[in-house]
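**Student:** here's my sequence, what's the structure:
(2 chains)
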2 protein chains.
Amino acid sequence: METGGDRYPSKLLEEAVDSIGSLPGIGSRSAMRLALHLLRQPKENVHRLTTALNSLVDEVRYCRECMMISDGELCGVCSDHTRDRNTICVVESLRDVLSIEATGQYRGVFHVLGGIISPIHGIAPSDLSIPLLTSRVERLVGETAPDTIEIIMALSGDVEGETTSFYLYRQLSRFGVRFSTLARGLGFGDDLEYADSLTLGRSIINRQVFKP
Amino acid sequence: METGGDRYPSKLLEEAVDSIGSLPGIGSRSAMRLALHLLRQPKENVHRLTTALNSLVDEVRYCRECMMISDGELCGVCSDHTRDRNTICVVESLRDVLSIEATGQYRGVFHVLGGIISPIHGIAPSDLSIPLLTSRVERLVGETAPDTIEIIMALSGDVEGETTSFYLYRQLSRFGVRFSTLARGLGFGDDLEYADSLTLGRSIINRQVFKP
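**Tutor:** Numbers count the residues shown, from 1 in each chain, chains lettered A, B, ... in the order given. Okay, here's the model as predicted:
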């Protein structure tokens, strides 16, 4: 082809495909498919998409208490007076908040780190909302007895998650608050035969009292 | 959660996730992942993406000859004087053009239908660029001997592709032009053992002269 570079017949198409293909999990074939899909749509649909994306990144706000994405100064959880403010569940991202909220089992509040400590990916504690968590716990300790405050470290079970949990513990233990992590073991309904041996081994070590 | 509807803590996020999730092949979980990815990007990256998408749908043009996406009045293929204008390869979409161009084996021109006849999906011949193809062939027949004009129907091998090919044949055969379709058979390097029996059967019926 002569116009618009080597790969595509149009520069506009090429720029769109390159932009879409730069998103994670979308290869160049999918990007092309999506671009052609957008061209078959009424223009208004595409404008609605682009306006929504621009508004998201231009106008997004974060809860000043827990750093969750929020439309106001405080998120829905932090402004809900029925939630237990002395129980703070520390998570990596909003997705974890949504998963935990979906269980309907948690009545405390959250703290969204915005990532996880990872020297390999160049993510240091200062890149996360850890300083904000520290000052939040410090403020809370000034208001209430430290041993009524619980920090639940709901981070992933891999090395980076463990590192972050350990770092948080070192930062916050001087306040005398309590710490916990999510229970790990076999899933409900899991078959022993198919469980990985690490999980099965820990399930035996951390066996619980049988409550019939 | 109290603000921003039931599912998400922010209306902005909800609108972005809904818009992304309306794209084909992207479920609501992937849409959420992409939205959070965009929030971690510098704003300029997101603006570059949205500008590229808006420009694509607002400024895109189609070659007046073959309906391929093009930045000018004529696409790169149609404006290339070394290509054989009497051989027209009819394809469903730009993706097919790119696949055929990538082989480097074709020196004719194209005609992009923009879809395929499909009563189930409500796509009639008039929704495609078939009238344009008819007038194109008519014009060509006025300029050159009909039997030097070849229409290659490079459509898919399913019922809808066959239907479309048959419809094109009925529309264009009155001009006395020649018709062909893509050769079908075992792929190069295919193993007989794993070929589907329909393909293998046709490969035997349409066997070719052995040229050592």
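
**Student:** please make it C-alpha for all contacts and neighbour counts, starting now.
**Tutor:** Noted.

**Student:** quick check: the spatially most central residue of chain A vs chain B, distance?
**Tutor:** Most central in chain A under C-alpha atoms, centre = their mean is A:Ser93, positioned 1.4 Å from the mean C-alpha point. Look at A:Ser93 and chain B: by C-alpha to the nearest C-alpha, to the nearest Å, they are 9 Å apart.

**Student:** what about the helices in chain A?
**Tutor:** A:11-21, A:28-40, A:43-59, A:94-103, A:130-143, A:159-172, A:197-205 (DSSP state H).

**Student:** now the closest residue to A:Gly108 other than its chain neighbours: how far from B:Asp158?
**Tutor:** Spatial nearest neighbour of A:Gly108, excluding adjacent residues (C-alpha to C-alpha, 6 or more residues apart in numbering or on different chains): A:Asp84 at 4.4 Å. A:Asp84 sits 60 Å away from B:Asp158, going by C-alpha to C-alpha, to the nearest Å.

**Student:** ok, the two, which is more surrounded?
**Tutor:** Each of A:Asp84 and B:Asp158 has its neighbours counted (other C-alpha atoms under 10 Å in any protein chain shown); A:Asp84 has more, 15 against 8.

**Student:** what's the domain layout of chain A?
**Tutor:** With domains defined by automatic domain parsing, chain A comprises A:11-59, A:69-181.

**Student:** and the shortest one, end to end?
**Tutor:** By C-alpha to C-alpha, the extent of domain A:11-59 from end to end equals 30 Å.

**Student:** ok, back up a step: pull the contacting residues for the residue nearest to the centre of chain A.
**Tutor:** Going by C-alpha atoms under 8 Å, 6 or more residues apart in numbering or on different chains, A:Ser93 touches A:Val112, A:Leu113, A:Gly114, A:Gly115.

**Student:** please identify the buried residues of the helix or strand bottoming out on mean pLDDT in chain A?
**Tutor:** Least confident helix or strand, chain A: helix A:197-205 with a mean of 80, by mean pLDDT, DSSP states H and E. For helix A:197-205, burial by neighbour count (16 or more other C-alpha atoms under 10 Å in any protein chain shown) applies to A:Leu200.

**Student:** which residues touch that helix?
**Tutor:** By C-alpha under 8 Å, 6+ apart, the residues outside helix A:197-205 that reach it are A:Arg184, A:Gly185, A:Leu186, A:Leu192.

**Student:** and it, how far out from the chain middle?
**Tutor:** How far helix A:197-205 lies from its chain's middle: 26 Å, per C-alpha atoms, centre = their mean, to the nearest Å.

**Student:** rewinding a little: please identify the most buried of the helices of chain A.
**Tutor:** Counting by mean count of other C-alpha atoms under 10 Å in any protein chain shown, helix A:11-21 has the highest mean neighbour count of the helices of chain A, with a mean of 22.

**Student:** now the angle from that one to helix B:43-59?
**Tutor:** Counting by axes from the mean of the first three to the mean of the last three C-alpha atoms, to 10 degrees, helix A:11-21 lies at 140 degrees to helix B:43-59.

**Student:** remind me what helix A:11-21 packs against, helices and strands.
**Tutor:** helix A:28-40, helix B:43-59 (3 or more C-alpha pairs under 8 Å, 6 or more residues apart in numbering or on different chains; DSSP states H and E).

**Student:** tell me which of those helices sits nearest to A:Ala52.
**Tutor:** Evaluated with C-alpha to C-alpha, these place helix B:43-59 nearest to A:Ala52, the distance being 9.6 Å.

**Student:** right, is that closest one up against chain A?
**Tutor:** Yes - interface with chain A: helix B:43-59 contributes B:43, B:46-59 (C-alpha under 8 Å from any C-alpha of the partner chain).

**Student:** distance between that helix and the chain's centre?
**Tutor:** With C-alpha atoms, centre = their mean, you get 23 Å for helix B:43-59.

**Student:** now stretch A:14-29
**Tutor:** 24 Å.

**Student:** how far does it stretch from one end to the other?
**Tutor:** The first residue of stretch A:14-29 is 12 Å away from its last residue (C-alpha to C-alpha).

**Student:** then stretch A:107-126?
**Tutor:** 29 Å.

**Student:** got the buried residues for it?
**Tutor:** Across stretch A:107-126, burial judged by 16+ other C-alpha under 10 Å covers A:Gly108, A:Val109, A:Phe110, A:His111, A:Val112, A:Leu113, A:Gly114, A:Gly115, A:Ile116, A:Ile117, A:Pro125.

**Student:** still on that earlier bit, return the member of the helices of chain A having the minimum mean pLDDT.
**Tutor:** Among those, helix A:197-205 has the lowest mean pLDDT, at a mean of 80.
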